[in-house]
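**Student:** Provided below for reference: sequence and predicted model.
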Amino acid sequence: MAEELLIIPILFLTIVAPIWLFLHYMAKFRSAKSLSQADEETLAELWQQADKFEQRIESLETILDEEVPGWRTRS
């Protein structure tokens, strides 16, 4: 009788629990795989800021090219 009561927890730990954990973490992975709306908005803002910085750097390089012709080769 006591042996029969041990079979249920052993079966649960060897069969049900691993499958349950696997499915749980697969669901977590799928939900984390895509970006949330807030993440997409943040990424779009960062992209816009990067474009602005790139334009500013290009403007500064143009100014420096005109005023200090050899600035790129200096160390």
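**Tutor:** Sure, I can see it.
**Student:** got the residue ranges for the helices in the chain?
**Tutor:** In the chain, the segments counted as helices under DSSP state H are 2-11, 17-33, 37-67.
**Student:** domain parsing for the chain?
**Tutor:** For the chain, automatic domain parsing gives the domain ranges 1-33, 35-75.
**Student:** Among those domains, which one carries the weakest average confidence?
**Tutor:** Mean pLDDT is lowest for domain 1-33 among these, at a mean of 87.
**Student:** what about that one, distance to the chain center?
**Tutor:** 29 Å (CA atoms, centre = their mean, to the nearest Å).
**Student:** List the buried residues in it.
**Tutor:** Residues of domain 1-33 include none that count as buried (16 or more other CB atoms under 10 Å). The C-beta positions use only the backbone N, C-alpha and C, and glycine is treated the same way.
**Student:** returning to what we had before: adding distance to residue 74, write the helices of the chain out as CSV.
**Tutor:** Below are the helices of the chain laid out as CSV (distance: least, CB to CB, whole Å):
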stretch, distance to residue 74
helix 2-11, 74
helix 17-33, 47
helix 37-67, 11
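**Student:** and of those, who's closest to residue 73?
**Tutor:** helix 37-67 (11.8 Å; CB to CB).
**Student:** just checking, what packs against the closest one?
**Tutor:** With contacts taken as 3 or more CB pairs under 8 Å, 6 or more residues apart in numbering; DSSP states H and E, helix 37-67 sits against no other helix or strand.
**Student:** Could you check how far residue 41 is from residue 52?
**Tutor:** Noted for residue 41: a distance of 17 Å to residue 52, by CB to CB, to the nearest Å.
**Student:** Could you check how far residue 48 is from residue 22?
**Tutor:** 41 Å.
**Student:** same question, residue 14
**Tutor:** For residue 14, the distance to residue 22 - CB to CB - is 13 Å.
**Student:** Likewise for residue 54?
**Tutor:** For residue 54, the distance to residue 22 - CB to CB - is 45 Å.
**Student:** same thing with residue 65?
**Tutor:** Applying CB to CB to residue 65 and residue 22 gives a distance of 59 Å.
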